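1. Pasting a predicted model and its sequence here:
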Protein chains: 2
Amino acid sequence: MVTLKQLAKELNVSISTVSKALNDSDEIGEHTIKRVKELAKFYNYKPNKMALSLKSNKTNTVGVVIPNILNRFFAKVLFGIEKEATKLGYNIITCMSNELLTKEKQSLQLLANGSVDGFILSVAEETQIKNNIDHFNTAIGQGLPIVMFDRVASDIKCDKVIIDDIEAICNAAHALVVEGRKRIAFISSIDDLSVGKLREAGYHKALDEMVTNNEPLILKINDNTDPQQQIISFLKHNKKLDGIIAADNVSGVMAINIASYLGYKIPKDISVIGFADETISKLSMPQLTTINQNAEEIGKSAMRLLDKRLKNEEEFPEPLIKVIKTNITYRDSTINN
Amino acid sequence: MVTLKQLAKELNVSISTVSKALNDSDEIGEHTIKRVKELAKFYNYKPNKMALSLKSNKTNTVGVVIPNILNRFFAKVLFGIEKEATKLGYNIITCMSNELLTKEKQSLQLLANGSVDGFILSVAEETQIKNNIDHFNTAIGQGLPIVMFDRVASDIKCDKVIIDDIEAICNAAHALVVEGRKRIAFISSIDDLSVGKLREAGYHKALDEMVTNNEPLILKINDNTDPQQQIISFLKHNKKLDGIIAADNVSGVMAINIASYLGYKIPKDISVIGFADETISKLSMPQLTTINQNAEEIGKSAMRLLDKRLKNEEEFPEPLIKVIKTNITYRDSTINN
DNA sequence: GTGAAAGCGCTAACAA
DNA sequence: TTGTTAGCGCTTTCAC
């Protein structure tokens, strides 16, 4: 990499002249500016990032801590974050907590050495279960703002981007009721998570609002045994169910394929609504109708919030909670009108 | 963040004393070391990353350029890279080319300002189609080594991590032949890519090696119309096919679900082998038998190669090509023995 | 209009 | 054993 020093030497001017010229300072003569810029272009000069950061005490880099990159929701959020970050001139350093408290903690600590200006993160499962959240406050105390998305820690005062999980499920239930469904089940493999609990609450709320038949019918899928077997057994034991709402990324697709396999006609016999994205929802036959979380928008919003927070440090001290709208994308696992 | 300066002031010693003490220099007295370390711990001192990088001209950060994070293969590779990077003490700055040449170029240029020590990347689709590869050489020329994985540019002299795509497909075909399959089709939605071409070549090679019936039967899925319709029509027009090899991430799962939907029994009537990972392969009923690319291992290997390259700059000047072994994970879309 | 010098936080050669 | 100083690459204030 070429440095100002080298350019200055070759041009027989001082380092500061070169610096000013490249920044179009009006202290510098037109002719000099031209000379400097030409040589800089010739050598493909770029100001050294580390030097700039050291000087300005800003890195234009944000740390992103993702619980599980293999979950498509998080992959999409990351996608959104990266897109907006590029637009706003930030780089992102990505860390994976792999749902572990220790790794999450480590990531925050490791980057709190001047590597990043702030964090965007979704809380790891273990962290949520143990409700161990000191490391978040430590980071904030060090002047590194945090924006949390999806899985948030309610006790931490920071900006947050979420969806209204309760409302989303209620809307889905409502859509099934409109189709004439009477016995709607709820299946979830994420009841440990804050969002899992909210979605279940949404299901209960929806049942309460239904005129008839408000007996909950819930399958909590656990990792210990084969999920497909759990669904098969659930379907066999609940012959009357005619609607399914799936709380996580994949169980809706599974439910359709398994129900078909068992001889049910989808959506004639059972309607299914899930949380998967376009790609996964297209893997079932018929394709899954989904609650659309707008994951990319969540990522973009989070990045924008962090940017604002970084730009006016003294302003808007109150944490913001941004709620991203959800909507339902109708495919063929429901009876559409 | 606390600095050496502040510690020095508070301890009434010089900055360099503090620095040396923290680095366990034997120039410094035991007592002083202890005093310094205690205060440093108290203030949670961490050496400023930017200052360190500026001084050492090393960032311990690698730039990762991924064509499409929503593709699970890439997500898994990224996962592997991050895991190994953490182990080796690197951070990763993630960029997405979104399959676009311009974005890929931009990412390399943007990070070639001292932000990273080197790159790990998989070539964008557009880049492969246009075969425009100057930006790679530019980066390498600037002293930033590149490790390419999966989709590599054969004209670039750099370390590479790939799988033997031809062999992988041959093995899959062989597995189907062993089952007694006679009419094996190949479906792909990635024939633009280097790996797509290799996998098709593998299919042709396998056919050539078969005793009977070496007429190729290929479906190239394009994005213009509904992929499911293309598969339906393909199945309807080729009633005799009894085996399918899918070259990409999702079409194997689709094929199973569609074939079931059309009344075929899987694997009795048709055996299917695909390229999907565990999660996606479990979304079909029955679950998809897959060629396992060991994506995580690819990521880890790439990171290790880059690390080696960075550590001994003068040594092993010849580019290395590392071939990661594939294997077949048998699930229920094939007749297992 | 141009240059010298200080300083961001750190390490290390050299001096004391 | 500890301190002084220079320098990594850059911006910016202040002198000229």
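-> Sure, I can see it.

2. near chain B, which residues of the stretch 101-250 of chain A?
-> Proximity of the stretch 101-250 of chain A to chain B is confined to A:110-115, A:142-143, A:227-228, A:250 under the rule C-beta under 8 Å from any C-beta of the partner chain. (Glycine included, C-beta is placed from N, CA and C.)

3. Keep only those of the residues you listed that are in helices.
-> With helices identified by DSSP state H, the entries of those that belong to them are A:110-111, A:227-228.

4. List the buried residues in stretch A:109-124.
-> By neighbour count, and taking 16 or more other C-beta atoms under 10 Å in any protein chain shown as the criterion, the buried residues in stretch A:109-124 are A:110-124.

5. just those now: which is nearest DNA strand D?
-> Minimum distance to DNA strand D across the buried residues of stretch A:109-124 is 13.0 Å, recorded for A:Gly114 (C-beta to the nearest atom of the strand).

6. who touches that closest one in this structure?
-> For A:Gly114, the contacting residues are A:53, A:59, B:1, B:46, B:48-51, taking C-beta atoms under 8 Å, 6 or more residues apart in numbering or on different chains as the criterion.

7. Of the residues you listed, grab the buried ones for ChimeraX.
-> Burial among the contacts of A:Gly114 is assessed by 16+ other C-beta under 10 Å; the matching ChimeraX selection reads:
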select /A:53,59 /B:1,46,48,49,50,51
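
8. Any chance of the residues of the stretch 101-250 of chain A next to chain B in TSV with pLDDT as columns?
-> Written out in TSV, the entries for those read as follows (pLDDT from 0 to 100):
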residue	pLDDT
A:Leu110	96
A:Leu111	97
A:Ala112	96
A:Asn113	95
A:Gly114	96
A:Ser115	98
A:Gln142	93
A:Gly143	93
A:Pro227	90
A:Gln228	89
A:Val250	89
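
9. Rebuild those residues as a markdown table, extending it with distance to DNA strand C.
-> Below are these laid out as a markdown table (distance: C-beta to the nearest atom of the strand, whole Å):
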| residue | distance to DNA strand C |
| --- | --- |
| A:Leu110 | 15 |
| A:Leu111 | 15 |
| A:Ala112 | 12 |
| A:Asn113 | 8 |
| A:Gly114 | 7 |
| A:Ser115 | 12 |
| A:Gln142 | 13 |
| A:Gly143 | 12 |
| A:Pro227 | 49 |
| A:Gln228 | 54 |
| A:Val250 | 46 |
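
10. which residues does A:Ile328 bridge with?
-> Using DSSP bridges, the beta-bridge partners of A:Ile328 come out as A:Ile291.

11. For the most centrally placed residue in chain A, which non-adjacent residue is closest in space?
-> Against the mean C-alpha coordinate of chain A, by C-alpha atoms, centre = their mean, the closest residue is A:Val77 at 3.5 Å. Excluding its sequence neighbours, the residue lying closest to A:Val77 (C-beta to C-beta, 6 or more residues apart in numbering or on different chains) is A:Gly299, at 4.0 Å.

12. For that neighbour, which residues are in contact?
-> The contact partners of A:Gly299, by C-beta under 8 Å, 6+ apart, come to A:76-84, A:120, A:149.

13. Derive a ChimeraX selection command for the buried subset of those residues.
-> The following ChimeraX selection, which keeps only the buried ones among the contacts of A:Gly299, applies the criterion 16+ other C-beta under 10 Å:
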select /A:76,77,78,79,80,81,82,83,84,120,149
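
14. how long is stretch A:37-56 from one end to the other?
-> Across its full length, stretch A:37-56 reaches 23 Å between end residues, using C-alpha to C-alpha, to the nearest Å.

15. hang on, the earlier thing: ok but the residue nearest to the centre of chain A is inside a helix, no?
-> Yes: secondary structure assignment (DSSP: H, G, I helix; E, B strand; the rest coil) places A:Val77 inside a helix.

16. ok, it touching A:Asp150?
-> Yes: under the contact definition of C-beta atoms under 8 Å, A:Val77 touches A:Asp150, with a separation of 7.2 Å.

17. shared neighbours of these two, anything?
-> Contact criterion C-beta under 8 Å, 6+ apart; residues bridging A:Val77 and A:Asp150 by contacting each: A:122, A:298.

18. With adjacent residues omitted, what lies nearest to the residue of the stretch 51-200 of chain A found nearest DNA strand D?
-> Closest to DNA strand D within the stretch 51-200 of chain A is A:Ala51: 3.4 Å, counting by C-beta to the nearest atom of the strand. Excluding the flanking residues, the one nearest A:Ala51 by C-beta to C-beta, 6+ apart is B:Leu54, at 5.6 Å.

19. got a list of contacts for the host helix or strand of the one you found?
-> Of the helices and strands defined by DSSP states H and E, B:Leu54 is found in helix B:49-56. The contact list for helix B:49-56 (C-beta under 8 Å, 6+ apart) reads A:48, A:50-51, A:53-54, A:59, A:113-115, B:59-60, B:114.

20. Output those in JSON lines; the columns should cover distance to B:Thr289.
-> Compiled in JSON lines, the contacts of helix B:49-56 are given as follows (distance: C-beta to C-beta, whole Å):
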{"residue": "A:Asn48", "distance to B:Thr289": "52"}
{"residue": "A:Met50", "distance to B:Thr289": "49"}
{"residue": "A:Ala51", "distance to B:Thr289": "54"}
{"residue": "A:Ser53", "distance to B:Thr289": "50"}
{"residue": "A:Leu54", "distance to B:Thr289": "54"}
{"residue": "A:Thr59", "distance to B:Thr289": "47"}
{"residue": "A:Asn113", "distance to B:Thr289": "47"}
{"residue": "A:Gly114", "distance to B:Thr289": "49"}
{"residue": "A:Ser115", "distance to B:Thr289": "43"}
{"residue": "B:Thr59", "distance to B:Thr289": "43"}
{"residue": "B:Asn60", "distance to B:Thr289": "41"}
{"residue": "B:Gly114", "distance to B:Thr289": "47"}
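
21. Just flag the most distant two among those.
-> The largest separation in those, counting by C-beta to C-beta, is between A:Asn48 and A:Asn113 at 18.6 Å.

22. Strands of chain A, start to end?
-> In chain order, chain A shows strands spanning A:61-66, A:91-96, A:118-121, A:146-149, A:159-163, A:184-188, A:218-220, A:243-246, A:271-274, A:289-292, A:321-324, A:327-329, with DSSP state E as the criterion.

23. looking at those, which is closest to A:Lys311?
-> Between A:Lys311 and those, the shortest gap by C-beta to C-beta is with strand A:118-121, which sits at 11.0 Å.

24. That closest one pairs with which strands, and in what direction?
-> Strand A:118-121 has the following strand partners under DSSP bridges: strand A:61-66 (parallel), strand A:146-149 (parallel).

25. residues from the stretch 51-200 of chain A in reach of DNA strand C?
-> When proximity is defined by C-beta under 7 Å from any atom of the strand, the stretch 51-200 of chain A lies next to DNA strand C at A:51, A:54-55, A:57.

26. shaky segments in chain A?
-> Scanning chain A with the threshold set as pLDDT under 70 gives A:213, A:313-315, A:337.

27. Give me every residue in it lying close to DNA strand D.
-> A:1, A:3-5, A:15-16, A:19-20, A:22-23, A:27, A:45-48, A:51-52, A:54-55.

28. buried subset of the residues you listed?
-> Neighbour-count burial (16+ other C-beta under 10 Å) is assigned, among the residues of chain A next to DNA strand D, to A:1, A:4, A:19-20, A:22, A:45-48, A:51-52, A:54.

29. now, among those residues, which is nearest to A:Thr212?
-> Distance from A:Thr212 was checked for each of those by C-beta to C-beta. The minimum falls on A:Leu52, at 65.7 Å.

30. dump the residue contacts of A:Glu167.
-> Contacts for A:Glu167 were tallied using C-beta under 8 Å, 6+ apart; they are A:202, A:326.

31. and if you look at A:Glu84?
-> Here A:Glu84 is in contact with A:299-300, A:303-304 (C-beta under 8 Å, 6+ apart).

32. Excluding chain neighbours, what is closest to A:Ile244?
-> For A:Ile244, the nearest residue in space outside its immediate sequence neighbours is A:Val272; the separation is 4.6 Å by C-beta to C-beta, 6+ apart.

33. ditto for A:Ala175
-> Closest residue to A:Ala175 apart from its sequence neighbours, by C-beta to C-beta, 6+ apart: A:Ile328 at 6.0 Å.
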